[in-house]
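Undergrad: Fold the following for me, if possible:
(chains A, B, C and D)
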4 protein chains.
Amino acid sequence: MLEKYSVRTDLALEEKERFESDNVEVQGVVLEEEYDEEREIRVSRVRIETEKGAKVMGKPVGTYLTVEAPNMAVPDEGYHREISEELSGYIKELIDRLGLLGKEDLSVLIVGLGNRQVTPDALGPYVVDNLCVTRHIVKEYGKYAMGMEHANLVSAIVPGVMGQTGMETVEIVKGVVEETRPDLVIAIDALAARNSRRLNRTVQIADTGIHPGSGVGNHRNGLTKESLGVPVIGIGVPTVVDAATIVNDTMENLIYALETSEMLKGVGDVLRTYNAAEKYELVKELISPHLNGMFVTPKDIDEMVKQISYTISESLNLLFTNAKETAEA
Amino acid sequence: MLEKYSVRTDLALEEKERFESDNVEVQGVVLEEEYDEEREIRVSRVRIETEKGAKVMGKPVGTYLTVEAPNMAVPDEGYHREISEELSGYIKELIDRLGLLGKEDLSVLIVGLGNRQVTPDALGPYVVDNLCVTRHIVKEYGKYAMGMEHANLVSAIVPGVMGQTGMETVEIVKGVVEETRPDLVIAIDALAARNSRRLNRTVQIADTGIHPGSGVGNHRNGLTKESLGVPVIGIGVPTVVDAATIVNDTMENLIYALETSEMLKGVGDVLRTYNAAEKYELVKELISPHLNGMFVTPKDIDEMVKQISYTISESLNLLFTNAKETAEA
Amino acid sequence: MLEKYSVRTDLALEEKERFESDNVEVQGVVLEEEYDEEREIRVSRVRIETEKGAKVMGKPVGTYLTVEAPNMAVPDEGYHREISEELSGYIKELIDRLGLLGKEDLSVLIVGLGNRQVTPDALGPYVVDNLCVTRHIVKEYGKYAMGMEHANLVSAIVPGVMGQTGMETVEIVKGVVEETRPDLVIAIDALAARNSRRLNRTVQIADTGIHPGSGVGNHRNGLTKESLGVPVIGIGVPTVVDAATIVNDTMENLIYALETSEMLKGVGDVLRTYNAAEKYELVKELISPHLNGMFVTPKDIDEMVKQISYTISESLNLLFTNAKETAEA
Amino acid sequence: MLEKYSVRTDLALEEKERFESDNVEVQGVVLEEEYDEEREIRVSRVRIETEKGAKVMGKPVGTYLTVEAPNMAVPDEGYHREISEELSGYIKELIDRLGLLGKEDLSVLIVGLGNRQVTPDALGPYVVDNLCVTRHIVKEYGKYAMGMEHANLVSAIVPGVMGQTGMETVEIVKGVVEETRPDLVIAIDALAARNSRRLNRTVQIADTGIHPGSGVGNHRNGLTKESLGVPVIGIGVPTVVDAATIVNDTMENLIYALETSEMLKGVGDVLRTYNAAEKYELVKELISPHLNGMFVTPKDIDEMVKQISYTISESLNLLFTNAKETAEA
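TA: Purely as a prediction, here's the structure:
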């Protein structure tokens, strides 16, 4: 088997699958799966329960929900309210795990990570564009004047990327958190997946925040409870695959085929005598250096990112501004 | 004369002119003017020197430079480098007044105020789009590695407007200032002018920051040394005139004409017997309530705002990232 | 009364109202009104029946439906499907008048007039962005393969404006019509209204096409059955008011007030001795030349134009691609 | 050698290189190369001179200039005027070949192909956005009134793509050509390259127009002298590489390595016994079906396409509206 850890994925589920494909069981990591046939939505829960599991997985202890909804990338009239509702429920599940469900007048800061001017990285900013923010209204008029017994205080920011701001995203968000003191940060980001099949139809929701090196824009510092002082839920959608990943995948397929093909049996016999390191060495230099910084992305990425951003902003609007039970439950 | 104080202007120069048109001298307020014939640029310096002057003018003590360049709104190939150079010099003059000229490794946070999605209010965000930010590079590699003896640390942010963020702009900027500790904030904003002749060809640069109620978006709280803890230079360009202002102007013209017209001499005789308050009362209710929230703006505002934003971002780039003498002088 | 014909409106309804306000009955022009209380939609039908009526109205013989729906400018989740349905019905009414209702496989070319880069003029291009075009699919696969007994052939084009194309819009559309031979052209355009109260909540649908001098961009040549060789339905939404119009309105109010005010009775007595021409002369020069090319527009015009464009494209999609009865009825 | 004809390129130069890499000389095809060291611009002229050459190359008889300028993708202040000037000269060369140079009052229709809403396909529309069109002005005022002895009539159109218009692009352009009768059509399009090294730094200028199956959006019908009735110059810039191409490339590298590697000599011995068809068979099914419709594109494609579009529109503006000698020479 080829060395795979060089290949980047931001999805805990893909990390887990990697081990499974090698029939390796990872201690301290639990995977549960559900499938809603009617809505065609598959949900996987990867729970990293121990530090050892975290080390093997390369991701911190916590819960990672992955919602796969092939319909998400298909346009419909109402921006897939049924998926928004589903996502809403899973975000709520993590808020519950954080012990914040039922908190009176929950104050949430939603952070739209990424670069509005680079289409596959614009997911976060687009989500913020369609959010219902309420903090300023509740502060100004009070929830009773609004005829509500409970009102969540929703605020939102698009911090931009370091190349535009000259600042680490975490510096900006930390400053805003310290000034406005939300109970919870929810950060939205475009991710890189390993598998092109997952693009634009998968949402990962994690109670561990956003981590260094993840995201299309590759954050240098994470947004986590440690760095910000408040719990952080990360919501990510894979919108690109690194070009190198795709090439790597296909070469693995090729080598596997060479090893097993009847037609090329002789090749396989030879290949089988080499170990992973030797094969990796062989492949490494074949990938064109021009693929650096190149992404694989579907042609209609512009429209897809817009559509998915609606589905996500709607799930947050449902959760925080339409649904009384959030604060009550 | 009609009561004018209901009419909004963000330009100190227009405020000053208002008094001049009435032949009123304002104590504690000095006006100087220069005209560069070759470049067709007129510069006015309004200096409000006393608290009394500030009270009469409705603007705080400080220096307000107004640069009028009719060419600014005319497209050229190089985004009016000559105007950028001129602006650069005036911003430097205010940095000098603040005692920050010559400071080693000056750290500047540039704030693009306004709403990117509302054309005449998008000036600030557009300026930030074209800035050369350097803070992260200097922090990462050091100025010596960059082959510079002096390097300004430029950072930038587009905070958004309250309806999008649920936060006061000052909360966001204050948080970022406290986290990143710049020596100086420069805030860019689209302004409302009183006179449609000034639209898109006038830049006001003030060492007093941005004040409540100013800007196309009408800030509720100012960005000032008091609120942020560091000096604030405000750069504003009028991009709209309130619809009510235009109507008011024309009515003043009409009443003046009635009072002086030979043809309608009789009307003038009658009108002259009424005092300002009575006339104001007369006019007030004639302005359609539907004009509330309406702006007067030129048809090509989209293109103009883009062009002017380049001129301004270029003036900042010239000042902070190309010109060694800033730090040295 | 002041001379009003200098004041521009693209709405037949406003033209009609002008005469009504003077208690003038226009021969050959019929006005009918309906009000749907539940949906809060008011519909006016102006029918210009004779050439004489056409001359007085300054608009050609034909039917002009004006749909006023104050809710149209208010965001909702589903882009006001109820208004889309209503509009759909009225467009169908005009298709019926043209004798095209029930035509097998109706072929329609939808033309999005205006300038995508000037917000209040971008309505037409935005409508086309969201249309369901079918002509190429029906041509390629046939309607039976699509499981339909009747299929309308919808095509669409955004011709751009003369300053961008160097061509008259009518030249482009005529070329496309001659090449693709549709049965009907529907042209969408942003209009100038006389009354700011009508902005962004009124849709005019006319079976007379688009006329020279109308639209925000002021067409030099019309799109009509005469110029294109096929019937043309024009759909327009007022998105701006000329700045001069607003000033003119207020001055009329002022003069009316002067004539009737108890307080300024003397002024009125004098004014009444002058005729319309004299008063018009008085007012004409008071309007600042700087108002030329200036528009009055609401601050949130960017969002409004987007929203309304959805309502209209949806009404066309409902009519031509979802609803079998169009072709059948 | 692997079967390569499955791999798509719109560049005649790449097609030619393909044969060269196999040491195959193509009869009837001439390749000339120049290199301007100072400006770092390489120009290749592929001349397909016979029908036989055309058949082998899969491209029609004609001249294909390929300008490679690595700096093109690097931002500078003036949009690379030096490259614009160079391009201007080559376009002029082809106009000369078409016998149109020196024609009095040359009338040119510039067509911006592609989809404005899909970033790598938006090149054509963006070029048109920045063109200087003159046809309407010359028609209205006459060239003498403009103080010119010769004036080219430049018009431009963005026809949109079939999924938006329901019409073949050639139908729209043909209609416009028949209505406005230009002497020449210049069509701008985003292309797919074979080699990621060529992305965003290569311009192909051909006197053969635009051909079926070329372009990012894959035209079904060409824009050629045959289809439009007037000569067509095609200007294309590769902005994407098909994902499948990249994978294919790397696999070719791999197989070549296997065949030559000392380490894996045995594999090579076996592989060498198989012919191209067998190897192609082997590879074909390894490419993931999910790569269909996937593009490889650099992360900053949005900015690059904008920048390059300026360089090209400027080259056309220089040629047709600033430079008298075009018409004169």
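Undergrad: residue ranges for the strands of the stretch 51-200 of chain A, please.
TA: Using DSSP state E, counting those that start in this stretch, the strands found in the stretch 51-200 of chain A span residues A:62-68, A:107-112, A:153-157, A:184-193.
Undergrad: Out of these, flag the one nearest chain B.
TA: Closest to chain B of the strands of the stretch 51-200 of chain A, according to Cβ to the nearest Cβ: strand A:153-157, at 3.6 Å. C-beta here means a position set from N, CA and C on the backbone, and glycine is covered the same way.
Undergrad: so where is the stretch 101-250 of chain A shaky, pLDDT-wise?
TA: A:145-149, A:248-250 (pLDDT under 70).
Undergrad: and it, which residues reach chain B?
TA: Contact residues, the stretch 101-250 of chain A versus chain B (Cβ under 8 Å from any Cβ of the partner chain): A:117, A:128-129, A:133-137, A:153-160, A:162-168, A:171-172, A:174-180.
Undergrad: what bridges to the residue nearest the centre of chain A?
TA: Chain A has residue A:236 as the residue nearest its centroid, 2.3 Å off, counting by Cα atoms, centre = their mean. As for beta bridges, residue A:236 partners with residue A:189, residue A:204 under DSSP bridges.
Undergrad: residues contacting the closest residue to residue A:193 other than its chain neighbours?
TA: Distance criterion Cβ to Cβ, 6 or more residues apart in numbering or on different chains; nearest residue to residue A:193, sequence neighbours excluded, is residue A:238 at 3.3 Å. Residues near residue A:238 by Cβ atoms under 8 Å, 6 or more residues apart in numbering or on different chains: A:10, A:11, A:190, A:191, A:192, A:193, A:198, A:199, A:200, A:202, A:204.
Undergrad: From residue A:46, how far out is residue A:238?
TA: 15 Å (Cβ to Cβ, to the nearest Å).
Undergrad: Return the subset of the residues of the stretch 101-250 of chain A next to chain B lying in helices.
TA: Counting by DSSP state H, these place A:128-129, A:135-137, A:162-165, A:171-172, A:174-180 in helices.
Undergrad: what residues does the stretch 1-150 of chain A put near chain D?
TA: A:117, A:118, A:119, A:121.
Undergrad: List just the nearest of those to residue C:106.
TA: residue A:119 (36.9 Å; Cβ to Cβ).
Undergrad: can I assume that closest one is in contact with residue D:119?
TA: Yes - between residue A:119 and residue D:119 there is a contact under Cβ atoms under 8 Å: 5.6 Å.
Undergrad: shared neighbours of these two, which are they?
TA: A:301, A:302, D:301, D:302.
Undergrad: Could you tell me which ones among the residues you listed also sit near chain B?
TA: Applying Cβ under 8 Å from any Cβ to the shared contacts of residue A:119 and residue D:119, none is adjacent to chain B.
Undergrad: What about the residues you listed, which are in helices?
TA: The helices, defined by DSSP H, take in A:301, A:302, D:301, D:302 from those.
Undergrad: ok, the last one - contacts?
TA: By that I understand residue D:302. A:117, A:118, A:119, D:119.
Undergrad: Over to the third one?
TA: Taking Cβ under 8 Å, 6+ apart as the contact definition, residue D:301 lies against A:118, A:119, D:119, D:120, D:200, D:239.
Undergrad: The second one and residue A:161: what is the separation?
TA: Pointing back at residue A:119 there. 14 Å.
Undergrad: More neighbours: the two, which one.
TA: The residue with more neighbours, out of residue A:119 and residue A:161, is residue A:119; 27 against 21, by other Cβ atoms under 10 Å in any protein chain shown.
Undergrad: Return the residues in contact with that one.
TA: Shown in contact with residue A:119 (Cβ under 8 Å, 6+ apart): A:297, A:301, A:302, A:305, D:119, D:301, D:302.
Undergrad: swap the cut-off to 10 Å and go again
TA: Residue A:119 is in contact with A:126, A:190, A:216, A:239-240, A:297, A:301-306, D:118-120, D:297, D:299, D:301-302, counting by Cβ atoms under 10 Å, 6 or more residues apart in numbering or on different chains.
Undergrad: cool, and residue A:226?
TA: Residue A:226 makes contact with A:60, A:209, A:232 under the criterion Cβ under 10 Å, 6+ apart.
Undergrad: Could you export these as TSV, including distance to residue D:68?
TA: TSV is the format used below for the contacts of residue A:226 (distance: Cβ to Cβ, whole Å):
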residue	distance to residue D:68
A:60	47
A:209	45
A:232	47
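Undergrad: Tell me which of those residues fall in helices.
TA: Judged by DSSP H, helices contain none of the contacts of residue A:226.
Undergrad: Which strand or helix spans the residue nearest to residue A:193?
TA: Per DSSP states H and E: residue A:238 is located in strand A:232-242.
Undergrad: any idea how far chain D is from the closest residue in space to residue A:212 that isn't next to it in sequence?
TA: Computed as Cβ to Cβ, 6+ apart, the closest residue to residue A:212 that is not its neighbour in sequence is residue A:222, at 5.0 Å. Distance, residue A:222 to chain D, using Cβ to the nearest Cβ, to the nearest Å: 21 Å.
Undergrad: repeat for residue A:125
TA: 13 Å.
Undergrad: how many neighbours does that residue have?
TA: Look at residue A:125: counted by other Cβ under 10 Å, it has 22 neighbours.
Undergrad: Next: residue A:74.
TA: The number of residues packed near residue A:74 is 12, by other Cβ under 10 Å.
Undergrad: now residue A:140
TA: Using other Cβ under 10 Å, residue A:140 has 11 neighbouring residues.
Undergrad: Residue A:51 now?
TA: The local packing of residue A:51 (other Cβ under 10 Å) involves 11 other residues.
Undergrad: Same check on residue A:31?
TA: 17.
Undergrad: pull the CA atoms of stretch A:84-91 into PDB?
TA: C-alpha atoms of stretch A:84-91 as PDB (Å, rounded to 0.1, in the frame of the first residue of the first chain):
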ATOM      1  CA  SER A  84     -31.600  22.700   6.700                       C
ATOM      2  CA  GLU A  85     -33.900  21.100   9.300                       C
ATOM      3  CA  GLU A  86     -31.700  18.000   9.600                       C
ATOM      4  CA  LEU A  87     -28.600  20.100  10.000                       C
ATOM      5  CA  SER A  88     -30.300  22.300  12.500                       C
ATOM      6  CA  GLY A  89     -31.000  19.200  14.600                       C
ATOM      7  CA  TYR A  90     -27.300  18.100  14.500                       C
ATOM      8  CA  ILE A  91     -26.000  21.500  15.500                       C
END
